[in-house]
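*Asks:* the following block contains a protein sequence and its predicted model.
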Amino acid sequence: MADNYTQFSEGIDKLTTDEAAWCDARLTYLEAICRLYGAWSSFHRCSSPAELRYPSVELLPEDKPWVDFGAGDLGFEWELHDSSHNDADLWMYADDSGDVEKVGMFVQEFLGRWRPKDCFILTWASTCSKPRLGEFSGGALFVTAHGYETMTPSEWLSEKQAAHRTAV
């Protein structure tokens, strides 16, 4: 059996003190609700309806997309690092398998709150522990304060292949 991975490493640099504090608080909170609702979802699948105890945390509308029932985690690792210029950097990464869309959601929220004119880019690698056909790829994420988009080489290649067939 082969293991598949989605790996990435990217950051937001030159965070102000307020931006760094917000990132730390928001990501810590999101980790907690993802764990809470992930654990609830696991319990829900293996319990009778009479045994259910719903989480006691009321989610805000902006938090609801983060609760991916069954996932139970944030979708990426993160660390805040102090830089030598009296500011901080936020590093977001996935050693094993991360969720690029959740990075997009977080960065969109960050940009909307702190840097509405900026954009953010991330590339990722989709790899496999064994050489299997069609298991290696990657992609790109582009984020603004207004949304995010992803693209994969598979999408691009399908478009090129269709154009070639039409031309031939």
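*Replies:* Okay, I see it.

*Asks:* beyond the top strand by length along the chain, next helix or strand please.
*Replies:* Longest strand in the chain by number of residues (criterion: DSSP state E): strand 4-15. Sequence-wise, the next helix or strand downstream of strand 4-15 (DSSP states H and E) is helix 17-46.

*Asks:* next SSE after that next one?
*Replies:* Where DSSP H and E defines the elements, the next helix or strand beyond helix 17-46 is strand 77-82.

*Asks:* off-centre distance for that next one?
*Replies:* Distance of strand 77-82 from its chain centroid, counting by Cα atoms, centre = their mean, to the nearest Å, is 15 Å.

*Asks:* packing partners of it?
*Replies:* In terms of contacts (3 or more Cβ pairs under 8 Å, 6 or more residues apart in numbering; DSSP states H and E), strand 77-82 is packed against helix 17-46, strand 88-94. In short, each C-beta sits where N, CA and C put it, glycine included.

*Asks:* could you say which of these is packed most deeply?
*Replies:* Ranked by mean neighbour count, the helices and strands packed on strand 77-82 are led by strand 88-94 with a mean of 19 (mean count of other Cβ atoms under 10 Å).

*Asks:* what angle sits between the helix or strand bottoming out on mean pLDDT in the chain and strand 4-15?
*Replies:* Among the helical and strand segments of the chain, the one scoring lowest on mean pLDDT, DSSP states H and E is helix 17-46, with a mean of 80. With axes from the mean of the first three to the mean of the last three Cα atoms, to 10 degrees applied, the angle from helix 17-46 to strand 4-15 works out at 150 degrees.

*Asks:* what angle do helix 17-46 and strand 88-94 make?
*Replies:* Relative orientation of helix 17-46 versus strand 88-94 (the same axes, to 10 degrees): 30 degrees.
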